[in-house]
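Student: pasted the sequence and its predicted model underneath.
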Amino acid sequence: MHGTALTPGAVLPDGVLAISGDKIAAVGPQGSGAITAAPVKVPGIIHTGFIDQHNHLYWYVLPRWLRPRKFANRYEWQDYAEYDRNLVSPHNAILDAAACKVEILAEIKAIAGGTTSSLGSLHPTDEHNDNKKCTAGLI
């Protein structure tokens, strides 16, 4: 692909990205020699990783909740006592005890899944402990 490539170290306005199989094989400026095939020009930005634009990473440490029935909307299941008992209460207790460790574990799980950038980590002003220590993040 040829276009504006966003890499971890630079923005390449005339960048080229090569994919081999299911992996990024090379990224560089047009004419850098690393890419031999004729690239396809693409509009917009070429991101060299998975960008998770909305998440709540610190929920990753809890087991997946298997709902007992179908709910009409999210407000209905958020008011369900079993949801509160099995997820909300343990979530709050875990964050009160180890918010930074939970955040690090969640980010490692996201990285293992291919995420290179994410929104939805702890915020420095959250009520759980002193999050300023761990909000810089890994991703």
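Tutor: On my side now, so go ahead.
Student: what's near enough to touch the residue lying closest to residue 67 once chain neighbours are set aside?
Tutor: Nearest non-adjacent residue to residue 67, counting by CB to CB, 6 or more residues apart in numbering: residue 77, 6.5 Å away. All C-beta spots, glycine's among them, are computed from the backbone N, C-alpha and C. Going by CB atoms under 8 Å, 6 or more residues apart in numbering, residue 77 touches 67, 71, 83.
Student: next, residue 112: phi, psi?
Tutor: Main-chain torsions, residue 112, degrees, to the nearest 10: phi -60, psi -30.
Student: would you map the strands across this structure?
Tutor: For the chain, applying DSSP state E gives strands covering 2-6, 11-20, 23-29, 41-47, 50-52, 115-118.
Student: related to what we said a few turns ago, how about the contacts of residue 77 in TSV, adding distance to residue 13, neighbour count and pLDDT?
Tutor: Converted to TSV, the contacts of residue 77 look like this (distance: CB to CB, whole Å; neighbours: other CB atoms under 10 Å; pLDDT from 0 to 100):
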residue	distance to residue 13	neighbour count	pLDDT
67	47	11	85
71	47	14	92
83	47	17	89
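Student: distance-wise, check residue 5 relative to residue 55.
Tutor: 24 Å (CB to CB, to the nearest Å).
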